[in-house]
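Asker: Need a 3D model of the sequence below.
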Amino acid sequence: MTDKIIDIFSNRKGKVIGEYKRSAVMIFLLEEESELQIIFEIRSKNLRRQPGDICLPGGRVEKGELPIDTACREAMEELLVKRDTFSVVGEMDFLVSPYNSIIYPFIATLEPQDIHPNPSEVDRVLKVPLKFFMETEPDLHEVDIVQSPKPDFPYDLINNGADYKFTNGVFPEYFYVYEGNVIWGFTALIVKRFVDIIKNS
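Answerer: Here you go, the predicted model:
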């Protein structure tokens, strides 16, 4: 048994424990009129999930697909841009959310072009100068993450039973408002981290 365990773990790469939905997004940088812009999407109001919200191009990682391939594929499907018009720069820190999902963000530069997005997914494109994010601190509001056991939870198996003090947490929700457009949630969190990395490097 010892030999088997050594064989299994000697060259094994660690993974996140648990089942997570995985998605990937692209932070597109577009230089326009000598100013660097970040490309966002305003989601179609006909979508079932988060209609009208502002997000980065991206979507769910399919089985057997690398996150970078997802980010590229989804960007092309949603923005209808061609692969030879953008260059992937690299990856950013990934986000493990308290809602059983992991988001892998990537950075890419996009050649100047008129973007006509897929209307079934994207209502319109929003360009926001990187300078805005560099100079603007977002509003921060915290959300409590509370453990709430189901009715059949076996309190009799743990110390202090129903009086057990479960650990709760706090999740940051950032809000940027640009010309009346509200960028918030995971999108704002990812953008803030992107800007913080630039500022601190």
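Asker: all helices in this structure, in order from the N-terminus.
Answerer: Here the chain has its helices, by DSSP state H, at 2-9, 67-79, 130-135, 185-199.
Asker: got the CA coordinates for the longest one in PDB?
Answerer: Same thing as helix 185-199. Only the C-alpha atoms of helix 185-199 are listed here, as PDB (Å, rounded to 0.1, in the frame of the first residue of the first chain):
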ATOM      1  CA  GLY A 185     -19.900  41.700  -9.000                       C
ATOM      2  CA  PHE A 186     -17.200  39.300 -10.200                       C
ATOM      3  CA  THR A 187     -16.500  41.600 -13.200                       C
ATOM      4  CA  ALA A 188     -15.600  44.500 -11.000                       C
ATOM      5  CA  LEU A 189     -13.600  42.300  -8.600                       C
ATOM      6  CA  ILE A 190     -11.500  40.900 -11.500                       C
ATOM      7  CA  VAL A 191     -11.000  44.400 -13.000                       C
ATOM      8  CA  LYS A 192      -9.900  45.800  -9.600                       C
ATOM      9  CA  ARG A 193      -7.400  43.000  -9.200                       C
ATOM     10  CA  PHE A 194      -6.100  43.600 -12.700                       C
ATOM     11  CA  VAL A 195      -5.600  47.300 -11.900                       C
ATOM     12  CA  ASP A 196      -4.100  46.500  -8.400                       C
ATOM     13  CA  ILE A 197      -1.500  44.200 -10.100                       C
ATOM     14  CA  ILE A 198      -0.500  47.000 -12.500                       C
ATOM     15  CA  LYS A 199      -0.300  49.600  -9.700                       C
END
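Asker: buried sites along it?
Answerer: 185-195 (16 or more other C-beta atoms under 10 Å). C-beta here means a position set from N, CA and C on the backbone, and glycine is covered the same way.
Asker: could you dump the helices of the chain to a markdown table with mean pLDDT?
Answerer: Below are those laid out as a markdown table (pLDDT from 0 to 100):
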| stretch | mean pLDDT |
| --- | --- |
| helix 2-9 | 93 |
| helix 67-79 | 97 |
| helix 130-135 | 97 |
| helix 185-199 | 97 |
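Asker: Select the longest strand from this structure.
Answerer: strand 21-32 (DSSP state E).
Asker: Pairing partners for that strand, with directions?
Answerer: Applying DSSP bridges, strand 21-32 is found paired with strand 35-43 (antiparallel), strand 58-60 (antiparallel), strand 101-110 (parallel).
Asker: Serialize those to a markdown table and add fields for mean pLDDT and mean neighbour count.
Answerer: Listed next are the strands paired with strand 21-32 as a markdown table, based on pLDDT from 0 to 100; neighbours: other C-beta atoms under 10 Å:
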| stretch | mean pLDDT | mean neighbour count |
| --- | --- | --- |
| strand 35-43 | 96 | 19 |
| strand 58-60 | 95 | 18 |
| strand 101-110 | 97 | 20 |
